[in-house]
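Student: give the three-dimensional model of this entry:
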Amino acid sequence: MLVRLLYASRAAEGTKEAQLAAILKQSREHNPAEGITGLLCLSDGVFIQVLEGGRDAVNARYKAIVQDPRHHDVILLSYEEIDERRFAGWSMGQVNLHRLNPALVLKYCESTRLNPYTMRGQALMALFQELVSSGVIECS
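Tutor: Model (predicted):
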């Protein structure tokens, strides 16, 4: 059974681009064997991630994230059983914030600042879907 999980967390203080790159590298190395795909975004010190895959694999990954000291204030925004993946093309894609159109963020958020703690999970998922369509996702 496939599931899709969307969460947000505050990055531990001092999280830098190099640490984000290490997280992405590790995800891209381990996710294919576990059947996990998805997207990751780090914006203003907040991680937003979508995980897709088998229920056991996604649940185990989320449990590890909740216990990871690089994450604080972890909040589950959406969890659903799915028939097919939306983000199957990425072992872990990354949102390129430099190419992000502020008007697109404003379509789903209270302001042009991406803040998942003030958004519904459904709206955030719709935003991520549009990000895929607009070409702001990177794989390397």
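
Student: mind listing what's buried in stretch 64-84?
Tutor: Ile65, Arg70, His71, Leu77, Tyr79 (16 or more other CB atoms under 10 Å). Heads up, the C-betas are built off the backbone N, CA and C, glycines and all.

Student: endpoints of stretch 75-94, how far apart?
Tutor: 20 Å (CA to CA, to the nearest Å).

Student: what comes into contact with it?
Tutor: 1-9, 20, 24, 27-28, 31-32, 36-41, 50, 52, 55, 62, 116-117, 119-122, 124-125, 128-129, 132, 137-139 (CB atoms under 8 Å, 6 or more residues apart in numbering).

Student: what is the spatially most central residue of the chain paired to in the beta sheet?
Tutor: The residue lying closest to the centre of the chain (CA atoms, centre = their mean) is Gln49, at 1.5 Å. When assigned by DSSP bridges, Gln49 has beta-bridge partners Tyr7, Leu40.

Student: now do the one 5 residues further on
Tutor: Beta bridges link Gly54 to Leu2 when assigned by DSSP bridges.

Student: neighbours of it, how many?
Tutor: 14 (other CB atoms under 10 Å).

Student: next one: Phe47
Tutor: 22.

Student: these two touch, right, it and Ser9?
Tutor: Yes. Taking contacts as CB atoms under 8 Å, Phe47 lies within contact range of Ser9: 4.8 Å.

Student: ramachandran coordinates for Glu81?
Tutor: Phi and psi for Glu81, reported as degrees, to the nearest 10, are phi -80, psi 140.

Student: returning to what we had before: so who does the residue nearest to the centre of the chain touch?
Tutor: Gln49 neighbours (CB under 8 Å, 6+ apart): Leu6, Tyr7, Ala8, Gly38, Leu39, Leu40, Cys41, Ile65.
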